[in-house]
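Q: Any chance you could fold what I've pasted below:
(chains A and B)
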Amino acid sequence: MKTILFIEDESALQKTVGEILKQEGYEVIPALDGEVGLKLAQRKTPDLILLDLVLPKLHGFEVLKKLKENSETKNIPVVVLTNLEGIEDVDKAIELGAQSYLVKAQYELKELVEKVKKILNE
Amino acid sequence: MNFLKRIFSKLNIVEQCKKYNLSLWQCPQFLFLVMGIIIVVSSLTAYAFGTRYIEDPLTVALIIQLLAGVLLVMAAIITRSFERLAEANRLKSEFISIVSHQLRSPLSNLKWTIELLTSGKLGRIEEKQVEYFKIIRENSNRMHELVSDLLTVSRIESAKLPFKKQRFSMQEFAKNLIMEYKPLASASNVEVIFKEVNGLPEVSSDPSRIKLVMENFLDNAIRYVNEKGRVEIKLSQENNNIRFSVKDNGVGIPEKDKKYIFQKFFRSGNVLKYQTKGSGLGLYISKAMIKKAKGKIGFQSKENKGSTFWFTIPIN
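A: Next up, the predicted model:
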């Protein structure tokens, strides 16, 4: 079973997105802040990381940077999932090594699931 | 070094004015510079005339100082009031931006949770409940759209709207648009007509921005019709531009409202009678998008007869 680490501080999203991904057959590991997210990424080496940007303790960009600096986690695909739409944020995320940048408000839940499935099947 | 950089940055009037998102002539710093030049010129002129017609040099000096003093006070008053206005405007835009960002998160959460609930994946929904879930979903979408519009407006005003050029066919867009709006059109008993044009060249512009304007025109045309509506979409080439227009036989725009139609939050009185939805931002955003695409936008309308909204964008 493929595992997805979901680093997101909104518990409502952890519940909703977690539920639908579980129904698709994935194991979802929740992390409610950047620091815990980073630790779990190193410990569990998931198949995919869904990363919010505005996070407590450690900002998403910092998490992304450290993930890509660590040899154990640098090859895990990271999908940034945020409501920040600025072009400078998109550019920075791609520059730091994110595979994809999804603005929550622009996607339906089922579209998000399709994107995740596509990346995990690659 | 940083200190010098800061001083130069403060002296860079164009940069300071960009912060307010105002034209140069509305910008307080630029106006102050202009007033300064006027004071210098006035003083020199007063000196030239004074020394010619007045014997006593002290009197001339006094007149020049008085003139310069009065002009300086006037300049300070004028630029200070412009500065206050500009700052108030900037704070208002910033407020809208902050609030909209904050609202976005709970609205996204709502949207996805509603989607999960209504998907049936958490169990079957009772017949009686379906309609009420539909109401929740529609209203959640409405709030979502309003917040998106507000954020777009805020980005337009702070001149932070990204514009990525690409070649695309407006004809293809128009055809897809009509497909997209088919359900709304038939639900509103509106016929949408579009005649394809041969040999229409592709344009080089930002497809998502142009699509937004086309959607806005078609959306308005379908919504603001009375009974049996007829909407005609036309595409044509005019010299080095492509012209897109949407003509409807709807409620039209009263003469007195015409000059406000592209303003933020403006909704015509006759429309408010028929509809309570709509943020009044669609046309303001459309105008800004077309302006960014270096095109032109306009409309013709007669109350109770209908309207034709059009825009042109350059091919290259």
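
Q: three-state assignment of B:S204?
A: For B:S204, the assignment made with DSSP: H, G, I helix; E, B strand; the rest coil gives strand.

Q: Actually, A:L5.
A: Three-state call for A:L5 (three-state DSSP): strand.

Q: residue boundaries of the strands in the stretch 101-250 of chain B?
A: Taking DSSP state E, counting those that start in this stretch, the strands of the stretch 101-250 of chain B run over residues B:166-168, B:190-194, B:203-205, B:229-238, B:241-248.

Q: mind exporting the second one as CSV, just the C-alpha atoms?
A: Right, the one you point to is strand B:190-194. The C-alpha trace of strand B:190-194 is given here as CSV (Å, rounded to 0.1, in the frame of the first residue of the first chain):
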residue,chain,number,x,y,z
VAL,B,190,-31.8,31.1,-23.6
GLU,B,191,-30.7,30.3,-27.2
VAL,B,192,-27.0,30.8,-27.8
ILE,B,193,-26.0,31.3,-31.4
PHE,B,194,-22.4,31.2,-32.8
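
Q: quick one on the thing from earlier: and the strands of the stretch 101-250 of chain B as TSV, adding mean pLDDT and mean neighbour count?
A: All C-beta atoms are positioned from the backbone trio N, CA, C, and that covers glycine. Output for the strands of the stretch 101-250 of chain B, formatted as TSV (pLDDT from 0 to 100; neighbours: other C-beta atoms under 10 Å in any protein chain shown):
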stretch	mean pLDDT	mean neighbour count
strand B:166-168	91	13
strand B:190-194	92	17
strand B:203-205	92	21
strand B:229-238	93	17
strand B:241-248	94	22
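
Q: between those, which one is nearest to chain A?
A: Closest of the strands of the stretch 101-250 of chain B to chain A is strand B:166-168, at 15.2 Å (criterion: C-beta to the nearest C-beta).

Q: I'd like the strands of the stretch 101-250 of chain B as TSV, with distance to chain A appended.
A: Compiled in TSV, the strands of the stretch 101-250 of chain B are given as follows (distance: least, C-beta to the nearest C-beta, whole Å):
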stretch	distance to chain A
strand B:166-168	15
strand B:190-194	25
strand B:203-205	17
strand B:229-238	26
strand B:241-248	24
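
Q: would TSV of those with distance to B:A68 be doable?
A: Shown next, in TSV, are the strands of the stretch 101-250 of chain B (distance: least, C-beta to C-beta, whole Å):
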stretch	distance to B:A68
strand B:166-168	56
strand B:190-194	66
strand B:203-205	51
strand B:229-238	54
strand B:241-248	52
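
Q: can you give me the helices in the chain?
A: All of this is about chain A. Along chain A, counting by DSSP state H, helices occupy A:11-23, A:34-44, A:60-69, A:87-96, A:109-121.

Q: My question was about chain B, not that one.
A: B:2-11, B:13-20, B:28-53, B:57-118, B:127-157, B:170-187, B:207-223, B:269-274, B:282-292.

Q: Which one, of those helices, ends up nearest to chain A?
A: Nearest of the helices of chain B to chain A, taken as C-beta to the nearest C-beta: helix B:57-118 at 4.2 Å.

Q: Quick check: residues of chain B near chain A?
A: Within chain B, the positions adjacent to chain A are B:101, B:104-105, B:107-109, B:111-113, B:115-116, B:119, B:121-122, B:144, B:148, B:151, B:160, B:162 by C-beta under 8 Å from any C-beta of the partner chain.

Q: Output the lowest mean pLDDT helix or strand found in the chain.
A: Just so you know, I chose chain A. helix A:87-96 (a mean of 90; mean pLDDT, DSSP states H and E).

Q: try again with chain B
A: Every helix and strand in chain B was compared by mean pLDDT, DSSP H and E; the lowest is helix B:269-274, with a mean of 66.

Q: contacting residues for the spatially most central residue of chain A?
A: Centre of chain A computed as the mean C-alpha position; nearest residue by C-alpha atoms, centre = their mean is A:L50, 1.2 Å away. The contact partners of A:L50, taken as C-beta atoms under 8 Å, 6 or more residues apart in numbering or on different chains, are A:I4, A:L5, A:F6, A:I7, A:E8, A:V17, A:V79, A:L81, A:V116.

Q: which stretches of the chain aren't confidently modelled?
A: In the absence of a named chain, chain A is used. For chain A, no stretch is flagged by pLDDT under 70.

Q: Wait, chain B was what I had in mind.
A: Judged by pLDDT under 70, chain B has its weakly predicted residues at B:8-11, B:18-22, B:271-277.
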